[in-house]
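Engineer: here is a sequence together with a model predicted from it:
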Amino acid sequence: MFKMTSLDKLHQAMIRSIKEVVGDKKIGIAFSGGVDSSLLAKLCVDLGYKTALLTTGFANSHDVVFSRKVAKIFGYEHKIRKISLKTFPRIASDIKKTIKTNNISWNENCIAFHYVARLAKKCKIKKVLTANGIDELFCGYNAYRDAIKYGENSVKKLMEAKLENEIKMMKTVNDVTSKFGIQIIHPFLSKDFIDLAKSIPVREKIHGPDDMIRKHIIRELALKIDVPEMSSIKRKKALQYGSLIHKFLIKLR
């Protein structure tokens, strides 16, 4: 009898999670060109969805430049909304008032998805998928390098805290994007997918405190389904940094 590997289980779980939340034929993908959003995009295209890659960032930011290169290799429809220095302060201020928190990460993500939602509306797309949840579940953050020093239980404890924060934050993101009539969907934050991801051994996600790459099983799957290598092996660069939103938001403080 064929025994499914962790990679096979992960692949099937991702497909199920996407199918469960995508009803529309045309969807957008919040796209940076990194392994997570590229893997999501490839899965959606392979499933037959009409997929547009949506990128936001300041001119010449990492995400704008890198996403364009990856999208060209894919050959997928790719739309970019560049953030204006002139209007950014007002939008950042309005969003902070709306979400009523001083948490800078939440503010940065809400600002980023504000621009993604505006781009989606322009493209007549109502649902935008994100790969949020992968970093939390597969040890994408540097903090996991510190946690692994103290054993797998420390990694799992950090994972729970990261997941709780991410789920709450993405609900707030949807509060921001809903005014544009855009729904931001996170297939990899569903309960079933979270349970499956937690069952995958930690050693298949991170190899130790010196592991600068991490998310190994995610990268392995990306390469297996022909995500461009330049994306599959790329080290993480968070949305707020890759778009330069963090840099310019700090300047406003």
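Structural biologist: The structure has been received and is ready for your questions. Numbering: from 1, shown residues only.

Engineer: where along this protein do the strands fall?
Structural biologist: 26-30, 50-58, 77-83, 127-129, 183-185 (DSSP state E).

Engineer: by contact count, what packs against the third one?
Structural biologist: Other elements packing on strand 77-83 under the criterion 3 or more CB pairs under 8 Å, 6 or more residues apart in numbering; DSSP states H and E are strand 50-58, helix 62-74, helix 104-122. C-beta: built from backbone N, CA, C; applies to glycine.

Engineer: ditto for the first one
Structural biologist: Contact analysis of strand 26-30 by 3+ CB pairs under 8 Å, 6+ apart lists helix 35-46, strand 50-58, helix 104-122, strand 127-129 as its packing neighbours.

Engineer: hmm, which helix or strand of the chain has the shakiest average pLDDT?
Structural biologist: One helix or strand of the chain scores below all others by mean pLDDT, DSSP states H and E: helix 239-242, with a mean of 76.

Engineer: buried residues in that helix?
Structural biologist: For helix 239-242, a neighbour-count test (16 or more other CB atoms under 10 Å) marks 239, 240, 242 as buried.

Engineer: list the contacts for the residue nearest to the first one when sequence neighbours are not counted?
Structural biologist: Just to be clear, that refers to residue 239. Distances taken as CB to CB, 6 or more residues apart in numbering put residue 112 closest to residue 239, at 5.3 Å, once the chain neighbours are dropped. By CB atoms under 8 Å, 6 or more residues apart in numbering, the contact set of residue 112 is 56, 239, 240, 243, 245.

Engineer: do you know which of the strands of the chain lies nearest residue 107?
Structural biologist: strand 77-83 (14.2 Å; CB to CB).

Engineer: that closest one pairs with which strands, parallel or anti?
Structural biologist: Paired neighbours of strand 77-83 in the sheet (DSSP bridges): strand 50-58 (parallel).

Engineer: quick check: mean pLDDT of the partner strand?
Structural biologist: Averaging pLDDT along strand 50-58 gives 96.

Engineer: picking up where we left off before, any idea of the pLDDT on the residue nearest to residue 239?
Structural biologist: The model reports residue 112 with a pLDDT of 95.

Engineer: any idea how far residue 191 is from it?
Structural biologist: 25 Å (CB to CB, to the nearest Å).

Engineer: how about the contacts of residue 112 in a markdown table, adding distance to residue 179?
Structural biologist: Formatted as a markdown table, the contacts of residue 112 follow (distance: CB to CB, whole Å):
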| residue | distance to residue 179 |
| --- | --- |
| 56 | 17 |
| 239 | 20 |
| 240 | 21 |
| 243 | 21 |
| 245 | 19 |
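
Engineer: out of the helices and strands packed on strand 77-83, deepest packed?
Structural biologist: Highest mean neighbour count among the helices and strands packed on strand 77-83 (mean count of other CB atoms under 10 Å): strand 50-58, with a mean of 24.

Engineer: just the CA atoms of that strand, as CSV, please.
Structural biologist: The C-alpha coordinates for strand 50-58 follow below in CSV (Å, rounded to 0.1, in the frame of the first residue of the first chain):
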residue,chain,number,x,y,z
LYS,A,50,-8.3,32.6,-13.5
THR,A,51,-5.6,34.1,-11.3
ALA,A,52,-4.2,37.7,-11.2
LEU,A,53,-1.1,38.4,-9.1
LEU,A,54,-1.5,41.6,-7.2
THR,A,55,1.5,43.5,-5.8
THR,A,56,1.8,46.7,-3.9
GLY,A,57,4.9,48.7,-2.8
PHE,A,58,6.8,51.9,-3.2
